[in-house]
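Trainee: pasting the sequence and the predicted coordinates here, then a few questions.
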Amino acid sequence: MNKIKVGLIGVGNCASSLIQGLYYYQDKRPEFAIGLMHWDLGGYRPSDIEVAAAFDIDERKVGSDLSEAIFAPPNCTTVFQENVPAMGVPVQMGQILDGFSTHMANWDRSQTFRPSQTKQPEKDDIVRELRERGVEVLLNYLPVGSEHATRFYAECALEAGCAFINNIPVFIASDPVWAKRFDLAGLPIIGDDIKAQLGATITHRALVDLFKKRGVKLERTYQLNTGGNTDFLNMLNRDRLASKKESKTEAVQSVAGIRLPDSEIHVGPSDYVPWQKDNKVCFIRMEGKLFGDVPMNLELRLSVEDSPNSAGVSIDAIRCAKLALDRGLSGPIHPPSSYFCKHPPIQHTDDEAYHMLEDFIADGEEVRNEVFDFGSGQRIEAAE
């Protein structure tokens, strides 16, 4: 099958893990492809993904070949694939806008961004680059809180004719206005805010769903996260966290059955611990009542490498976006959005979203016509 040509907005830890993964799995046989949810997804394998364009604002990355930029500071994720050959993809200067939080300038320069002095491109320049390099799917890996920058690149995707995968908690796919624009343009969008493969939010959701299914009344809960990458440093600016907290909180509330009062739920980033680097530590506490109103509580500690934890999900999201393009689908693609993202246009339980996704992968046209309405995100009765 043809290569899926991908563009990256941001060459941070997540982009590094994604590209390392593409080479790591390149020569693997399916039985040894540990960590992938799907080896073959609609006929596409990880080796069918080709990164064709990349944009960043850091002086240590702009102008470098992408194979070198993914290992440049302040990236600090685990290196599990050292052999990444020259890719022939120079990292282009992007628009800064609000993609850089000014408070980060006060930190050790080895731990934070160093904005390049290269002239920032106009939108037409970026659109031209995407078209000339044949980019079909554009991934947004900007920092949390990059509201204006995300909308800027969504506009670029629309003008360049690219599918858009919004990995961060700026609401594009779940915003009816933006969703309609992608629909009218005949382009698919998947989003918003990617879930990790086995991270804090998906684990928290599973436990909340377990409480509901086992008849345990959940009374209060929190999720606290610490990490030492630039994402956590960026989020020390609480003004950038409104959509992040909404996204993570709604992901948990949506499976609770009975919504918790705002005062009884806290889900969100907690603090920046530099020596943790890309390791993310999550603490979850849940309090509730069992049979006879007898109280109980649960505490969990989860430690994961943050960026590899999302890379496998991104590989699947890219292939789903390509399937949507192949099938002429447009607007929000609900099955992958619901399964892969914290704040999709329509929330479903993870079991529902899983089956929707598998139906979508198996036969998109049949699913569209007989089982699933892509416009509303709801299942419908199968045709007689």
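Mentor: Happy to help now that I have it. Numbers count the residues shown, from 1 in each chain.

Trainee: how about S338, phi and psi?
Mentor: phi -70, psi -30 (degrees, to the nearest 10).

Trainee: for it, what are its contacts?
Mentor: Taking C-beta atoms under 8 Å, 6 or more residues apart in numbering as the criterion, S338 is in contact with 344, 346-348, 352-353, 356-357, 377. From N, CA and C alone the C-beta is placed, and that goes for glycine too.

Trainee: which of the residues you listed sits closest to D27?
Mentor: Distance to D27, by C-beta to C-beta, is smallest for L357 among the contacts of S338, at 26.8 Å.

Trainee: restricting the selection to alpha carbons, write the host helix or strand of the closest one to CSV.
Mentor: Assigned by DSSP states H and E, L357 belongs to helix 350-362. These are the backbone C-alpha positions of helix 350-362, laid out as CSV (Å, rounded to 0.1, in the frame of the first residue of the first chain):
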residue,chain,number,x,y,z
ASP,A,350,-14.1,2.6,26.7
ASP,A,351,-15.9,-0.7,25.9
GLU,A,352,-18.3,1.0,23.5
ALA,A,353,-15.5,3.0,21.9
TYR,A,354,-13.4,-0.1,21.5
HIS,A,355,-16.2,-1.9,19.6
MET,A,356,-16.9,1.2,17.5
LEU,A,357,-13.2,1.4,16.6
GLU,A,358,-13.0,-2.3,15.6
ASP,A,359,-16.1,-1.9,13.5
PHE,A,360,-14.6,1.1,11.8
ILE,A,361,-11.4,-0.7,11.1
ALA,A,362,-13.1,-3.8,9.8
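
Trainee: which elements pack onto that helix?
Mentor: Judged by 3 or more C-beta pairs under 8 Å, 6 or more residues apart in numbering; DSSP states H and E, helix 350-362 is in contact with helix 200-213, helix 308-326, helix 334-340, strand 372-373.

Trainee: circling back: least confident of the contacts of S338?
Mentor: Among the contacts of S338, G377 carries the weakest pLDDT, at 52.

Trainee: who are the contact partners of Q92?
Mentor: Going by C-beta under 8 Å, 6+ apart, Q92 touches 53-56, 62, 121, 126, 129.

Trainee: quick check, nearest of those residues to Y24?
Mentor: Taking C-beta to C-beta as the measure, A54 is the one of those closest to Y24, at 18.6 Å.

Trainee: by neighbours, which of the contacts of S338 wins?
Mentor: Counting neighbours by other C-beta atoms under 10 Å, P344 comes out on top of the contacts of S338 with 29 neighbours.

Trainee: thought that one was touching D192?
Mentor: Yes - here P344 reaches D192: they are 7.1 Å apart, a contact under C-beta atoms under 8 Å.

Trainee: overlap of the contact sets of these two?
Mentor: Taking C-beta under 8 Å, 6+ apart as the contact rule, P344 and D192 both touch 173-174, 337.

Trainee: most neighbours among those, which one is it?
Mentor: Across those, the neighbour count under other C-beta under 10 Å reaches its highest value at S337, namely 30 neighbours.

Trainee: residue contacts, that one?
Mentor: If you count contacts by C-beta under 8 Å, 6+ apart, S337 has them with 173, 190-192, 344-345.

Trainee: give me phi/psi at the closest residue to it other than its chain neighbours?
Mentor: With sequence-adjacent residues excluded and distances taken as C-beta to C-beta, 6 or more residues apart in numbering, S337 is closest to P344, at 3.9 Å. In this entry, P344 is assigned phi and psi values of phi -70, psi 170 (degrees, to the nearest 10).

Trainee: which residues in the protein form helices?
Mentor: For the chain, the helices defined by DSSP state H cover 13-24, 66-69, 123-132, 147-160, 176-184, 200-213, 230-234, 242-253, 308-326, 334-340, 350-362, 364-366.

Trainee: find the least confident helix or strand in this protein, judged by mean pLDDT.
Mentor: helix 364-366 (a mean of 44; mean pLDDT, DSSP states H and E).

Trainee: and R220, how many neighbours does it have?
Mentor: By the other C-beta under 10 Å criterion, the neighbourhood of R220 contains 15 residues.

Trainee: name the nearest residue to it, ignoring sequence neighbours.
Mentor: Leaving aside its chain neighbours, R220 sits nearest to E264 (4.0 Å; criterion: C-beta to C-beta, 6+ apart).

Trainee: which residues touch the one you found?
Mentor: 219-221 are the contacts of E264 under C-beta under 8 Å, 6+ apart.

Trainee: I'd like to know how far S16 sits from N237.
Mentor: As judged by C-beta to C-beta, to the nearest Å, S16 and N237 stand 23 Å apart.

Trainee: who has more neighbours, those two?
Mentor: S16 (27 against 15).

Trainee: surely that one and C76 touch.
Mentor: No - counting by C-beta under 8 Å, C76 is not a contact partner of S16; they are 9.2 Å apart.

Trainee: returning to what we had before: from the shared contacts of P344 and D192, pick the one nearest L260.
Mentor: Within the shared contacts of P344 and D192, distances to L260 taken as C-beta to C-beta reach their minimum at S174, with 21.1 Å.

Trainee: please name the residues that touch the residue nearest to that closest one when sequence neighbours are not counted.
Mentor: The shortest distance from S174 to any residue that is not its chain neighbour, by C-beta to C-beta, 6+ apart, is 4.7 Å, and that residue is P345. The neighbourhood of P345, defined by C-beta under 8 Å, 6+ apart, consists of 173-174, 179, 332, 334, 337, 377.

Trainee: highest mean neighbour count out of the helices and strands packed on helix 350-362?
Mentor: Per-residue neighbour counts averaged over each of the helices and strands packed on helix 350-362 give the maximum for helix 334-340, namely a mean of 27 (mean count of other C-beta atoms under 10 Å).
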